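Peer 1: Here is a sequence with its predicted model. Questions after.
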Amino acid sequence: MPARTLELPLEGHDFSLDFHWRTKPAFIAAAGVSLIGHPRALEARNSIMTSLVRAALAGQGGWVSYSRSKRFYAPLARYEGTAYTYDRVKAAVQELLDLGLIEEERALPGPASHGWQSRMRATDKLLAAFHDCPFEHVGPREVIELRDMDGERMAYADTDNTRRLRRAMEARNEATGAIRIEMPEGDGWLHTPGHVRARSEKTGGWVGLRPTPTPRMVRIYGRGRWDMHGRLYGWWQQLPQARRIELLINGEVAFEEDWSACHPRLLYAMAGKVPVGEIYDVDGYDPRHVKAALLTVMNTKTTYGGVLSLMKREEDSPGEWPHSLDYTKGLMRSVTARHEPIAHFLGADMGITLMHIESEMCVEVLKRCEKENIPSLPVHDSFVTQASKGARVTAIMAEIMEATCAEINPCQSSRKRRFTPQMGAPLSGGCVGSSASASPVVVKTEPVSVPVPPVSPPAPRPLRWDPDLRLEAMIAYQINVERAEMALDRCEGIFEVWERREARAREIARSVCADENETGMRAFPVNIVPDRPGGNKMLSPKVGRSPRKSGSTVRGRRPRVTPSEDRA
């Protein structure tokens, strides 16, 4: 069956190509497909066929979207295994197309695709061959993902940090995998083989998801850095909130609790302040609008970018933000004025940093729950647990929030002070909301004036080096240091353009040399930074020795000569 060129936007819901399910080879052979070939190619084809059949059984047209871009498959070796390459997926799709097992609608290549992907679906011939076939879930290979600026998965080299993060996530998945999640049937739920649809009470629409046999999470980091984003993702998070509390956790009714105003509270802690009153309370505006504006402007690079982001919702989702530009601009000004202590954080692209702090808090809550044998499923800033354990999980969340705010608060020391009875309680100063545990006794005395003789500054030392040559050597040293740090940062997944690093190295070198010239003292000894470029290199052979003469100027092994020629 020939492929059709897709020139219009896809309608309805398409499933993405899933490499996490397989079936027995006998069903592959029943479809008339040869089982002879490279094991990796057979594995890729099996997953593609299984994904197509599962999508067809779920209904909604059974379309499966997939990429025909080499860039998409470049990092898949780490995340999905070496079987799923561009060539193998493309060859498997073409083989199934030639056998009449699928029909395909192919998107236009390059920019003409407008971001659409090609899609395919199983024909009746493939569905008949896979009748009553069992499905085996193999799960994702990787539990931590690194995304680039565009949100695409990146390949990365393992370091001590990535191995530590992976071990931590595997430990969380080991505990989460023991939780039994049951979904009810009836109003608001629709079950099909391998697929579940749940109705949202808020929008009235249906949300589709594909549960796995055991709960499993993946931690996703963003912008090519291991200190940004980092949220944990699981299939239950796709359920609407009204449906999540209908779940049964190990046979018991579910309970969900969240951190109220999590990100604003973290920003106030980072500013060393305490919020006054209700965070989403602004005179003259609906608290829902205030919440939308505040959370939006935290994730934009400018304040006006937050206004534009809110206005864009009207185009993407009609009715969700049916307000004028003037109303939105006035709302944003009022929100910024209401939260003046953190105004410098608004429109500063802080959202992805706050997500990382929140994700670390989430991991700590999961660890505490594991120690107390409490089943808990994270939903970013909330947790789903058993109703009987709800109060305890809420208390753990409050403790973690309090500890995190104290840790990121610049006005609170990370070191605990020891109380000394003779000195009284230590004072806390400079931050709103801090107080001393005891009031110290203040004794007033008359000031005593002591005459202080004038002190003349020391005379500058004469320079023992040429300032220009010293600066050149210092620049070379600082550039080498930047190169070494850049190599270490790349191992940690941190990338920065070299021009910026080189400019920073030159600026540091000039600053250090200026201090040296002013004081007449070297900041670095000459064995580290010489007084001239290449000053530590030996300029001539040792005294009493003459340079060895070579009979040939060719690099490498010296030519063989006879003993008489050597004596001559």
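Peer 2: Looks like it arrived, so ask away.

Peer 1: tell me the domain ranges of the chain?
Peer 2: 4-141, 160-263+353-408, 467-519 (automatic domain parsing).

Peer 1: Make TSV from these and add mean neighbour count to it.
Peer 2: Bear in mind the C-beta positions are built from the backbone N, C-alpha and C, glycine included. Converted to TSV, those look like this (neighbours: other CB atoms under 10 Å):
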stretch	mean neighbour count
domain 4-141	17
domain 160-263+353-408	17
domain 467-519	15
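
Peer 1: Take the ones you listed and write them to a markdown table, including mean pLDDT and distance to Thr302.
Peer 2: Shown next, in a markdown table, are the domains of the chain (pLDDT from 0 to 100; distance: least, CB to CB, whole Å):
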| stretch | mean pLDDT | distance to Thr302 |
| --- | --- | --- |
| domain 4-141 | 85 | 25 |
| domain 160-263+353-408 | 95 | 16 |
| domain 467-519 | 85 | 22 |
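
Peer 1: Can I get these in JSON lines including distance to Asn299?
Peer 2: Below are the domains of the chain laid out as JSON lines (distance: least, CB to CB, whole Å):
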{"stretch": "domain 4-141", "distance to Asn299": "21"}
{"stretch": "domain 160-263+353-408", "distance to Asn299": "9"}
{"stretch": "domain 467-519", "distance to Asn299": "21"}
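
Peer 1: Would you tell me which of the ones you listed gets closest to Met298?
Peer 2: domain 160-263+353-408 (5.9 Å; CB to CB).

Peer 1: Quote the end-to-end distance of the closest one.
Peer 2: 25 Å (CA to CA, to the nearest Å).

Peer 1: Show me how far it is from its chain's centre.
Peer 2: 17 Å (CA atoms, centre = their mean, to the nearest Å).

Peer 1: pull the longest helix from the chain.
Peer 2: Of all the segments of type helix in the chain, defined by DSSP state H, the longest one is helix 467-491.

Peer 1: Which neighbouring elements make contact with that one?
Peer 2: On a contact count with 3 or more CB pairs under 8 Å, 6 or more residues apart in numbering; DSSP states H and E, helix 467-491 meets helix 498-519.

Peer 1: Show me the contact partners of the helix it packs on.
Peer 2: Residues from elsewhere that reach helix 498-519 (CB atoms under 8 Å, 6 or more residues apart in numbering): 460-461, 463, 467, 470-471, 474-475, 477-479, 481-482, 485-486, 522-524.

Peer 1: If we use 6 Å, what do you get?
Peer 2: Applying CB atoms under 6 Å, 6 or more residues apart in numbering, the contact partners of helix 498-519 are Pro467, Arg470, Leu471, Met474, Ile475, Gln478, Ile479, Glu482, Met486, Arg522, Ala523.

Peer 1: Return the angle between stretch directions for that helix and helix 467-491.
Peer 2: Here the directions of helix 498-519 and helix 467-491 differ by 140 degrees (axes from the mean of the first three to the mean of the last three CA atoms, to 10 degrees).

Peer 1: all strands for the stretch 101-250 of the chain, in order.
Peer 2: For the stretch 101-250 of the chain, applying DSSP state E, counting those that start in this stretch gives strands covering 102-107, 118-122, 136-137, 144-146, 181-182, 189-192, 195-199, 206-209, 218-221, 229-233, 248-249.

Peer 1: next one: the stretch 251-400 of the chain
Peer 2: Listed in chain order, the strands of the stretch 251-400 of the chain (DSSP E, counting those that start in this stretch) span 252-258, 376-378, 382-386.

Peer 1: Specify the beta-bridge partners of the most centrally placed residue in the chain.
Peer 2: For the chain, Tyr221 is the residue whose C-alpha lies nearest the centre (CA atoms, centre = their mean; 1.6 Å). Beta bridges link Tyr221 to Leu146, His229 when assigned by DSSP bridges.

Peer 1: so how far is Phe524 from it?
Peer 2: Using CB to CB, to the nearest Å, Tyr221 is found at 37 Å from Phe524.

Peer 1: again, but for Lys329
Peer 2: 54 Å.

Peer 1: Ok, Ser67 next?
Peer 2: 52 Å.

Peer 1: And the domains of the chain: which comes nearest Arg338?
Peer 2: Using CB to CB, the nearest of these to Arg338 is domain 160-263+353-408, at 13.0 Å.

Peer 1: ok, the spatially closest residue to Trp321 that is not a sequence neighbour to Glu320 distance?
Peer 2: Leaving aside its sequence neighbours, Trp321 sits nearest to Arg313 (CB to CB, 6 or more residues apart in numbering; 4.0 Å). Distance, Arg313 to Glu320, using CB to CB: 5 Å.

Peer 1: Neighbour count: those two, which is higher?
Peer 2: Using other CB atoms under 10 Å, the more surrounded residue of Arg313 and Glu320 is Arg313, with 16 against 11.

Peer 1: Pro533: which of the strands of the stretch 101-250 of the chain is closest?
Peer 2: That would be, of these and by CB to CB, strand 144-146, which comes in at 39.5 Å.

Peer 1: From the rest of the structure, what touches that closest one?
Peer 2: Strand 144-146 is contacted by residues Arg153, Met154, Tyr156, Leu165, Arg166, Met169, Arg219, Ile220, Tyr221, Gly493 when judged by CB under 6 Å, 6+ apart.

Peer 1: Quickly check those residues for the two that are furthest apart.
Peer 2: Taking CB to CB, no two of the contacts of strand 144-146 sit farther apart than Met154 and Met169, at 17.2 Å.

Peer 1: Show me the one of the strands of the stretch 251-400 of the chain that comes nearest Glu104.
Peer 2: Ranking the strands of the stretch 251-400 of the chain by proximity to Glu104 (CB to CB) places strand 376-378 first, at 37.6 Å.

Peer 1: dump the residue contacts of Ala254.
Peer 2: So Ala254 contacts Ile245, Leu247, Val384 (CB under 6 Å, 6+ apart).

Peer 1: err, Tyr477, not the other one
Peer 2: Neighbouring residues of Tyr477 by CB under 6 Å, 6+ apart: Val529.

Peer 1: Could you report the separation of it from Tyr79?
Peer 2: 41 Å.

Peer 1: cool, Glu105 as well?
Peer 2: According to CB to CB, Glu105 stands 26 Å off from Tyr79.

Peer 1: Check Ile144 too.
Peer 2: Ile144 is 10 Å from Tyr79, by CB to CB.

Peer 1: rewinding a little: switch the contacts of helix 498-519 over to TSV; also include distance to Gly534.
Peer 2: What follows is the contacts of helix 498-519, written out as TSV (distance: CB to CB, whole Å):
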residue	distance to Gly534
Pro467	17
Arg470	13
Leu471	14
Met474	13
Ile475	13
Gln478	16
Ile479	14
Glu482	19
Met486	23
Arg522	17
Ala523	19
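
Peer 1: Pull the most distant pair out of those residues.
Peer 2: Top of the distance list for the contacts of helix 498-519 (CB to CB): Pro467 and Met486, 28.1 Å.
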